[in-house]
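Chemist: How does the following fold in three dimensions:
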Amino acid sequence: MKKMKFLKSAALLAVLILSALTLTACVSTPPIEATWSLGSITGNGNMSMELANTLSAAKTAGFEVYMTFSGGKGSIAVQGFAPQAFTYTLNGSKITMIIDGISSVCTWTVSGNTLTLDYAGSHLVLTKKT
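Modeler: Below you'll find the predicted structure:
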């Protein structure tokens, strides 16, 4: 009788563990989570986002600019300068980035190896770093 109860408990535990592992496997990493190289900043929207202005100036000056997104923490690296850390949250196709205490909300899309961040009519176009 005790052996039968033990076997049922062990079987139930095994089912619960397998279920948890299956559910964990279904959670995928958002495609934005990678390191991206800034290709261009385009559009005629409001470039009030100080970050966009800084990135545009760095790119125009010939510096490589990289943005990394990983698990809610990100960084912006410009060749020859210390990286700038930031945090972010994803809500569907919206990303809220907090950089130096300033919050900016963008729409993000990934198509192949291209990430586009749309901010108030301006577009940051990045290519996945391989």
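
Chemist: Only C-alpha atoms from now on, for both contacts and neighbour counts.
Modeler: OK.

Chemist: can you pull the contacts of G72?
Modeler: 87-89 (C-alpha atoms under 8 Å, 6 or more residues apart in numbering).

Chemist: where are the low-confidence patches of the protein?
Modeler: Judged by pLDDT under 70, the chain has its weakly predicted residues at 1-27, 44-52.

Chemist: Break down it into its strands, ranges please.
Modeler: With DSSP state E, the ranges of strands along the chain come out as 35-43, 65-70, 73-78, 84-91, 94-99, 102-111, 114-119, 122-128.

Chemist: okay, those strands in a markdown table with distance to S28 and mean neighbour count next?
Modeler: Formatted as a markdown table, the strands of the chain follow (distance: least, C-alpha to C-alpha, whole Å; neighbours: other C-alpha atoms under 10 Å):
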| stretch | distance to S28 | mean neighbour count |
| --- | --- | --- |
| strand 35-43 | 17 | 18 |
| strand 65-70 | 13 | 19 |
| strand 73-78 | 17 | 19 |
| strand 84-91 | 13 | 15 |
| strand 94-99 | 17 | 17 |
| strand 102-111 | 15 | 16 |
| strand 114-119 | 18 | 20 |
| strand 122-128 | 18 | 20 |
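
Chemist: Nearest approach to L55 belongs to which of these?
Modeler: Distance to L55, taken as C-alpha to C-alpha, is lowest for strand 65-70 among those, at 7.1 Å.

Chemist: All good on my end, thank you.
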